[in-house]
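**Q** sequence-free structure coming up:
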């Protein structure tokens with residue numbers, strides 16, 4: 001097994017497959033021919049990178065309809081795209097859509113993204129099979145059939161959730177599958193995975209996915225490992241009922257990268273390194289994350305028109321956080337004058353190093369849901385309705401952490417000085433958060449005629465959330481009841497063309513004030529957001545979809561307002577944050593040999609009526625005005641087993657400070673690859689080579705925030721990945 005994990009073995013395996021394919025006989029001789037029994041063959045036309053439906057639609061806030069008839073922008077990343085691009089993280093996965101970008105996504109840690117300029121809430125915005133999971137984990141892709149991203153408000157779909165949208169991971173279902181994959185990269189990482197499935201009886205099927213990865217990162221001292229296993233089971237109880245189970249477990253360990261910060265709060269680091277681990281200390285341990293996710297879904301068909309689904313989900317993540325954290329310059333002599341805010345790096349590049357340890361940080365999500373869907377007629381009008389109820393509970397158990405200053409280093413030091421770790425130890429574990437969200441919801445899709453449809457829906461949400469301090473004393477309680485409506489009107493003059501206009505409201509939790517503000521630690525009240533969207537969807541062919549959408553999202557603006565208080569800032573909700581944008585998307589097969597995904601997002605994100613003139617009339621932090629993304633697959637006509645893969649990503653200059661005075665430069669990044677499909681002993685064998693950032697261009701991929709603090713993360717340098725998948 002050790003031999004199979006070496007790059008040499010992988011290369012030999014690929015060469016053997018090519019030679020075997022070349023030597024294979026073209027056809028059996030006449031003497032070998034014989035009559036065989038009749039075989040019925042059923043196949044699905046390959047539609048490239050195009051998806052026709054999404055799980056978010058099936059029992060969700062848009063009624064039961066294909067994506068073409070859904071009045072919302074939903075991106076579907078298909079299994080073909082995942083296989084061809086070989087992403088290993090959330091940040092790499094979402095590159096294919098220009099409306100999605102990183103927001104505090106360190107290497108070696110769990111990551112977050114922003115959609116349409118709004119960061120997602122890791123507690124509520126990520127789903128497995130349409131049930132909420134704890135996203136404080138590196139989410140595995142081996143057992144996922146596709147990933148669906150709802151862009152924009154998801155209030156009716158999910159209740160209390162940030163306005164950016166939702167990410168839904170959809171599990172693979174049982175099928176006759178027997179594949180093994182081995183891989184490596186240009187830094188010597190190794191990767192192995194298996195995908196085994198089948199129907200044990202006509203009514204009961206299983207599918208198992210497992211993977212093991214040893215990571216040799218491009219960042220110094222960041223080697224790690226990951227192991228994953230999942231089980232999917234389907235039981236067709238009878239013609240009218242079905243039970244689906246999905247469960248997985250993953251364990252991982254890798255040191256976490258600290259982000260750069262602006263020098264003096266105003267200047268980009270002049271000579272940043274993509275490979276340096278800021279603040280590295282030999283006693284720094286890997287961040288260990290153990291996570292499990294389970295969903296159970298029971299479907300029952302009452303008749304041809306009426307169905308029911310009962311769903312339950314459980315997600316648990318346990319994090320052992322260990323970081324020699326590079327942050328600020330409070331203790332640096334270069335910041336002693338007080339001219340530089342202590343929560344930025346010093347003007348000369350000095351930064352403080354903290355021993356941060358937070359073991360046994362446990363997050364748990366539990367959700368149950370019941371939905372009845374059906375259709376009926378009132379005269380000449382047809383109604384498709386979804387009615388349901390849900391209950392969602394989230395808890396956090398944490399130990400009082402260690403966060404102690406141990407020394408000061410400088411960004412120009414390849415290896416910072418070694419400092420002694422803090423002698424302090426974390427305290428005992430205690431419950432720090434209990435949150436209940438109960439909801440009733442109903443959606444009615446009304447068919448007025450062949451060309452006109454309307455959707456009206458509402459969700460009644462009751463939220464009860466309690467937060468406790470380190471001693472177990474109640475420090476915050478939030479109780480509220482809200483009504484979140486959603487409405488849309490659709491016009492379909494011809495079958496390939498759908499136009500729509502929609503309105504929706506959403507509710508998200510307020511943010512905790514940064515510790516360096518006057519009201520540090522205080523959690524602000526929940527926020528009500530609104531969205532208007534108009535769009536066009538055109539099926540250019542059976543295999544290619546084109547989409548365009550115009551949107552406007554606004555919610556109260558949360559920021560550290562400069563004032564004459566003791567700290568100089570107070571965290572407030574004042575004015576509005578308004579994001580207005582245009583999205584263009586194409587996905588599918590353009591010709592028989594050419595398939596692609598392409599998107600452009602132009603967005604104007606502004607803070608208005610904040611009472612702070614310097615924060616108005618410029619782009620909001622970490623929201624580039626223009627992003628574009630293209631990924632293409634071209635099968636060579638003269639060598640049909642060989643395909644060329646390639647991608648291009650662009651982002652315009654990105655604001656890095658609330659007053660707009662500092663901007664991160666624009667960037668272009670190009671990716672390339674090959675896919676070769678061969679035969680080995682009559683079985684399919686596919687090898688893939690991907691090279692990310694072909695020209696090794698330096699760029700800042702992320703200027704996001706965490707806990708009110710701003711960070712800068714460099715993009716990945718050139719990285720090659722090679723894998724071979726054998727269908728045995």
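**A** Yes, it's here. Please read these numbers as outputs of a predicted model, since none were measured by experiment. Numbers count the residues shown, from 1 in each chain.
**Q** and residue 493, that's in a strand?
**A** Yes: the assignment for residue 493 is a strand, going by DSSP: H, G, I helix; E, B strand; the rest coil.
**Q** distance-wise, check it relative to residue 549.
**A** 18 Å (CB to CB, to the nearest Å). C-beta coordinates here come from the backbone N, C-alpha and C atoms, glycine included.
**Q** the two - which one has more neighbours?
**A** residue 549 (23 against 11; other CB atoms under 10 Å).
**Q** beta partners of the more buried one?
**A** On the basis of DSSP bridges, residue 549 is bridged to residue 535, residue 583.
**Q** centre-most residue in the protein?
**A** residue 90 (4.8 Å; CA atoms, centre = their mean).
**Q** what about the closest residue to residue 695 other than its chain neighbours, neighbour count?
**A** Nearest non-adjacent residue to residue 695, counting by CB to CB, 6 or more residues apart in numbering: residue 670, 6.0 Å away. Applying other CB under 10 Å, we find 16 residues neighbouring residue 670.
**Q** residue 670 should be in a helix, yeah?
**A** No: Residue 670 is assigned strand when assessed by three-state DSSP, not a helix.
**Q** quick one: it and residue 648 touch, right?
**A** Yes: using CB atoms under 8 Å, residue 670 is in contact with residue 648, at 5.5 Å.
**Q** got a pLDDT number for the residue nearest to residue 695?
**A** pLDDT recorded at residue 670 is 98.
**Q** ok, the longest strand seen in the chain: who's next to it in the sheet?
**A** Using DSSP state E, we find that the single longest strand of the chain is strand 350-378. Sheet pairing of strand 350-378 (DSSP bridges) gives strand 306-327 (antiparallel), strand 381-398 (antiparallel), strand 402-410 (antiparallel).
**Q** so of those strands, which one's packed in deepest?
**A** Of the strands paired with strand 350-378, the one with the most neighbours on average (mean count of other CB atoms under 10 Å) is strand 306-327, at a mean of 20.
**Q** just to revisit the earlier point, what's the closest of the strands paired with strand 350-378 to residue 614?
**A** Nearest of those to residue 614, taken as CB to CB: strand 306-327 at 25.0 Å.
**Q** can you give me the end-to-end span of stretch 301-310?
**A** 12 Å (CA to CA, to the nearest Å).
**Q** need the residues that contact that stretch.
**A** 59, 239-241, 297-300, 368-376 (CB atoms under 8 Å, 6 or more residues apart in numbering).
**Q** what distance separates that stretch from the middle of the whole chain?
**A** Relative to the centre of its chain, stretch 301-310 is centred 32 Å away, using CA atoms, centre = their mean, to the nearest Å.
**Q** which of the contacts of stretch 301-310 are buried, as a ChimeraX select command?
**A** Here is the ChimeraX command that picks out the buried ones among the contacts of stretch 301-310, judged by 16 or more other CB atoms under 10 Å:
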select :59,297,298,299,300,368,369,370,371,372,373,374
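**Q** skip the chain neighbours and tell me the closest residue to residue 660.
**A** Nearest to residue 660 is residue 618, by CB to CB, 6+ apart, at 3.3 Å.
**Q** I'd like to know how many residues surround the one you found.
**A** 17.
**Q** list the contacts of it.
**A** Per CB under 8 Å, 6+ apart, neighbours of residue 618: 606, 655, 659, 660.
**Q** can you tell me which of these are classed as buried?
**A** 606, 655, 660.
**Q** touching, the last one and residue 619? I think so.
**A** Translated: residue 660. Yes: Residue 660 lies in contact with residue 619 (CB under 8 Å); the separation is 6.6 Å.
**Q** coming back round to it: got a list of what the residue nearest to residue 695 touches?
**A** Contacts of residue 670 (CB under 8 Å, 6+ apart): 646, 647, 648, 649, 693, 694, 695, 697.
**Q** restricted to helices, list the residues you listed.
**A** When DSSP state H is applied, the contacts of residue 670 are split such that none fall in helices.
**Q** which one of the buried ones among the contacts of residue 618 is nearest to residue 353?
**A** residue 655 (28.3 Å).
**Q** which residues touch the nearest residue to that closest one once chain neighbours are set aside?
**A** Once flanking residues are discounted, residue 655 sits nearest to residue 619: 4.7 Å by CB to CB, 6+ apart. By CB under 8 Å, 6+ apart, the contact list for residue 619 reads 604, 605, 606, 625, 655, 660.
**Q** next one: the first one from residue 555, what distance?
**A** From residue 604 over to residue 555 the distance is 15 Å, taken as CB to CB.
**Q** look at the two and report which has more neighbours.
**A** residue 555 (22 against 15).
**Q** so the nearest residue to the more buried one once chain neighbours are set aside is in which element?
**A** With sequence-adjacent residues excluded and distances taken as CB to CB, 6+ apart, residue 555 is closest to residue 529, at 3.7 Å. Assigned by DSSP states H and E, residue 529 belongs to strand 527-539.
**Q** show me what counts as buried in that strand.
**A** Result for strand 527-539 [16+ other CB under 10 Å]: buried residues 527, 528, 529, 530, 531, 532, 533, 534, 535, 537, 538, 539.
**Q** by contact count, what packs against that strand?
**A** strand 497-508, strand 544-562 (3 or more CB pairs under 8 Å, 6 or more residues apart in numbering; DSSP states H and E).
**Q** now the first one against strand 544-562, angle please.
**A** So the one you mean is strand 497-508. 30 degrees (axes from the mean of the first three to the mean of the last three CA atoms, to 10 degrees).
**Q** ok, of the contacts of residue 619, which one's closest to residue 95?
**A** Distances from residue 95 to the contacts of residue 619, taken by CB to CB, are shortest for residue 625, at 18.4 Å.
**Q** now for that closest one, how many residues are close by?
**A** Residue 625, neighbours per other CB under 10 Å, totals 17.
**Q** list the residues that contact the nearest residue to it once chain neighbours are set aside.
**A** What sits nearest to residue 625 in space, not counting adjacent residues and going by CB to CB, 6+ apart, is residue 652, at 5.0 Å. Shown in contact with residue 652 (CB under 8 Å, 6+ apart): 624, 625, 626, 627, 666.
**Q** restricted to helices, list the contacts of residue 619.
**A** When DSSP H defines the helices, the subset of these inside them is empty.
**Q** in strands only, show me the residues you listed.
**A** 604, 605, 606, 655.
**Q** format those as a markdown table; extra columns: distance to residue 446.
**A** Putting the ones in strands among the contacts of residue 619 into a markdown table (distance: CB to CB, whole Å) gives the following:
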| residue | distance to residue 446 |
| --- | --- |
| 604 | 34 |
| 605 | 34 |
| 606 | 36 |
| 655 | 43 |
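**Q** what is the nearest of those residues to residue 284?
**A** Closest to residue 284, out of all of the ones in strands among the contacts of residue 619 and judged by CB to CB, is residue 655, at 32.1 Å.
**Q** from what I see, that closest one and residue 623 are in contact.
**A** Yes: the criterion here is CB under 8 Å, and residue 655 meets it with residue 623 at 7.1 Å.
**Q** distance of residue 716 from residue 690?
**A** Residue 716 is 12 Å from residue 690, by CB to CB.
**Q** where do the helices sit along the protein?
**A** 7-23, 55-58, 79-85, 90-93, 155-158.
**Q** just give me the lowest mean pLDDT stretch among those.
**A** helix 7-23 - the lowest mean pLDDT of those, at a mean of 38.
**Q** tell me which residues touch residue 710, please.
**A** 261, 262, 344, 621, 656, 657, 703, 704 are the contacts of residue 710 under CB under 8 Å, 6+ apart.
**Q** which one among these gets closest to residue 77?
**A** Of the contacts of residue 710, the one sitting nearest to residue 77 (CB to CB) turns out to be residue 704, at 21.4 Å.
**Q** the closest residue in space to that closest one that isn't next to it in sequence and residue 399, how far apart?
**A** Distance criterion CB to CB, 6+ apart; nearest residue to residue 704, sequence neighbours excluded, is residue 103 at 3.8 Å. Distance, residue 103 to residue 399, using CB to CB: 27 Å.
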